[in-house]
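Peer 1: Predicted model and sequence below, questions to follow.
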Amino acid sequence: MATFLDFEEPLKALEDQIAKAKEIAKDAELDMTDKLKELEGKLAKKTEEIFSNLTPWQRVQLSRHPERPYTLAYINAITNGTFQELHGDRNVKDDKAMVGGFGLVDGNTVMFIGQQKGMNTKMRQYRNFGMANPEGYRKALRLMKLAEKFNKPIVTLIDTPGAFPGLEAEERGQGEAIARNIYEMMNIKVPIICIIIGEGASGGALGIGVGDKVLMLENTWYSVISPESCSSILWRSWDYKEIAAEALKLTSEDMKKLKLIDGIIKEPLGGAHRHHEETYSIVKREIKRQITLLNKLKPEERCAKRIDKFCNMGVTK
Amino acid sequence: MGWFKRKTEGITTSTKDKKETPEGLWYKCPKCQTVVTSEDHASNFFVCERCSYHERIGSEEYFQILFDDGAYKELDKGLASSDPLKFEDTKKYVDRIKESQAKTNLTDAIRTAYGKCDGQDLVIAAMDFKFIGGSLGSVMGEKIARAIDKAIKTNSAFMIISKSGGARMMEAGLSLMQMAKVSAKLNLLSEAKLPYISFLTDPTTGGVTASFAMLGDINIAEPDALIGFAGPRVVKETIGRDLPDGFQKSEFLLEHGFLDYIVERHNLKKEVSHSIRLFTS
């Protein structure tokens, strides 16, 4: 059973009607072509209507949609099954919330790194809800250095509700691990493309989020804090999440306007959660395009531009 | 029966003769309750004489401690926050800024300055916690970035004194990217082979810890300072039990390998200038 968010309900009603019409057509051997055509037209229109007027909070909901593809699904589709996962930070352990490894994109090796969420309760726990510990960030850095050594481009896929705020995480230096990644990623000599595919929460996202091109899928969010936490801190109540989502300017459109990201990857109409295959191929095309463009620059030039880009972020008077 | 008995009931001193105690003449240590005169407290670097509790101090006090004769040139004094997001929670962000500015007489949560420390060139960026919790926003990012430029230009050592609750929520994505911005600049400082001393004071948490505060060539801290990524309340909620004593304190971080040394305020100038000398001699 597909999951529908509250604002998607009208779509569910139409889809149910279509299913019913098909059933009748089959059972009673009636020609329902016209009726089906009409309903499908309505569905397309309604989808367009809903998805062209999404509020920031609805985008946040979409970014967390349970049927939205997660990192490994993207990687497996984009590398056409050639992905070989690499494990461990060589220090403490293997963080299941952060995955990475090499794979082939139409014959060329690319390093993929990203936070991984789980598909069901058990896997969500196993993946720690996509919240990495310091060893996750250190694994990510190890893999980036590996890619640099063998001159392979890096793609990071970001989808996290935040870095894990646990006791051991603090003991092992969560702050230091994220800081080190941000710092080192500025100067890694191969192309780095970062794509927010779901949630981009604060330092946990930025810890693998420094690149030549930082892109957001259309229905994702990226900010310094989640709207819920923002609501609880600034309004001292969980009830202002919609307003907080609005105020934080966390959508791809707003982030682009503020020049904090480089581009938006359009999702198929109806969202990535309804169109997995199409989304994979759109993302793959974008990755290939960006790698080709970035490969035209000399490594030093690329790093200088990367550093320069981040140095220009912010607004003061 | 008491030994002594009041001859006349009630307070008989006239209001005119009442002795007023001027405000701020005394300092009472919040940890051991020892009372000293404010003057003595200041001359003791705002450290309790008895239990050596380090009171939180601001940029000016640190500049006075570190720069020779307390002399320095402040950089980018006028740089202030604008409000590109038109952020409003229970209060408008612009009003919050104005109020803080009026209350603290500061323009934002950091001041940057250039001067000499035991005769050696030093650029310092020091935070003021009383300005919206020392939060990291566009102004702090830009001021640190320019201070690093200054250090590179003048071939000076560079020091950040962190005292911050983390990123400034009211600047959302813009404040998040200041973490990246300062880290980017630190790469340039590193290329110039100039020492960066990160000095962490109570408290240093959130986005500041998760970026430049942890990136010093040496990371040093004041004793008993709270230093962490997540705040203790959040960690406690996450693990669902009480936190061990001393958790996320300077001594804890030193023990876990994230600090080079802890320094008492009395020795701050001596140790910092010695570190710089060891880097540059």
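Peer 2: Nice, thanks for sending it over. Numbers count the residues shown, from 1 in each chain, chains lettered A, B, ... in the order given.
Peer 1: Show me the chain divided up by domain.
Peer 2: As the question left the chain open, I've gone with chain A. Under automatic domain parsing, the residue ranges defining each domain of chain A are A:6-53, A:59-311.
Peer 1: that answer is for a different chain, and I need it for chain B
Peer 2: As recorded under automatic domain parsing, the domains making up chain B are B:24-55, B:56-280.
Peer 1: How far away from the center of its chain is the shortest one?
Peer 2: Its chain's C-alpha centre lies 18 Å from the corresponding centre of domain B:24-55 when counted by C-alpha atoms, centre = their mean, to the nearest Å.
Peer 1: For that domain, buried residues please.
Peer 2: Residues B:27, B:29, B:36, B:41, B:44-48, B:52-55 are the ones in domain B:24-55 that count as buried (16 or more other C-beta atoms under 10 Å in any protein chain shown). C-beta coordinates here come from the backbone N, C-alpha and C atoms, glycine included.
Peer 1: Show me which of the residues you listed is closest to A:V210.
Peer 2: Nearest to A:V210 among the buried residues of domain B:24-55: B:H54, at 34.5 Å, using C-beta to C-beta.
Peer 1: Can you give me the pLDDT of the closest one?
Peer 2: pLDDT for B:H54: 96.
Peer 1: count of residues packed around residue 110?
Peer 2: You didn't pick a chain, so chain A it is. As a burial measure, A:V110 scores 25 neighbours (other C-beta atoms under 10 Å in any protein chain shown).
Peer 1: That was the other one, I meant chain B.
Peer 2: By other C-beta under 10 Å, 30 other residues sit near B:I110.
Peer 1: Enumerate every residue touching it.
Peer 2: Counting by C-beta atoms under 8 Å, 6 or more residues apart in numbering or on different chains, B:I110 touches B:59, B:125-128, B:134, B:139-140, B:143-144.
Peer 1: among the residues you listed, which are in strands?
Peer 2: B:125-127 (DSSP state E).
Peer 1: any chance of the residues you listed in JSON lines, plus neighbour count?
Peer 2: Listed next are the ones in strands among the contacts of B:I110 as JSON lines, based on neighbours: other C-beta atoms under 10 Å in any protein chain shown:
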{"residue": "B:A125", "neighbour count": "26"}
{"residue": "B:A126", "neighbour count": "24"}
{"residue": "B:M127", "neighbour count": "28"}
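Peer 1: ok, those vs B:S156, which is closest?
Peer 2: Distances from B:S156 to those, taken by C-beta to C-beta, are shortest for B:A125, at 12.0 Å.
Peer 1: Close to chain A: what parts of the stretch 1-150 of chain B are there?
Peer 2: Neighbours of chain A within the stretch 1-150 of chain B, by C-beta under 8 Å from any C-beta of the partner chain: B:79-82, B:84-85, B:87-90, B:137-139, B:141-142, B:145.
Peer 1: Just the buried ones from those residues?
Peer 2: B:79, B:81, B:84-85, B:87-89, B:137-139, B:141-142, B:145.
Peer 1: Turn those residues into a markdown table, columns for pLDDT.
Peer 2: Output for those, formatted as a markdown table (pLDDT from 0 to 100):
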| residue | pLDDT |
| --- | --- |
| B:L79 | 96 |
| B:S81 | 93 |
| B:P84 | 90 |
| B:L85 | 94 |
| B:F87 | 94 |
| B:E88 | 92 |
| B:D89 | 90 |
| B:G137 | 97 |
| B:S138 | 97 |
| B:V139 | 97 |
| B:G141 | 98 |
| B:E142 | 97 |
| B:A145 | 98 |
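Peer 1: So, low pLDDT: which residues of the stretch 151-281 of chain B?
Peer 2: Residues of the stretch 151-281 of chain B meeting the criterion pLDDT under 70: none.
Peer 1: Need the mean per-residue confidence for the helix or strand containing A:M216.
Peer 2: Using DSSP states H and E, A:M216 sits in strand A:213-217. Strand A:213-217 shows an average pLDDT of 98 in the prediction.
Peer 1: on contacts alone, who are the packing partners of that strand?
Peer 2: strand A:192-201, helix A:252-257, strand A:263-265, helix A:276-295 (3 or more C-beta pairs under 8 Å, 6 or more residues apart in numbering or on different chains; DSSP states H and E).
Peer 1: Can you pull the phi and psi angles for the residue of the stretch 1-150 of chain A found nearest chain B?
Peer 2: Residue nearest to chain B within the stretch 1-150 of chain A: A:P134 (8.9 Å; C-beta to the nearest C-beta). Note on A:P134: backbone dihedrals following degrees, to the nearest 10 are phi -50, psi -40.
Peer 1: center of chain B - which residue?
Peer 2: B:K163 (3.4 Å; C-alpha atoms, centre = their mean).
Peer 1: Then it would be within a strand, right?
Peer 2: Yes - under DSSP: H, G, I helix; E, B strand; the rest coil, B:K163 sits within a strand.
Peer 1: ok so, going back, what's the pLDDT at the nearest residue to the residue of the stretch 1-150 of chain A closest to chain B once chain neighbours are set aside?
Peer 2: Using C-beta to C-beta, 6 or more residues apart in numbering or on different chains and skipping residues adjacent in sequence, the residue nearest A:P134 is A:A177, 3.7 Å away. Looking at A:A177, its pLDDT reads 98.
Peer 1: Thank you, goodbye.
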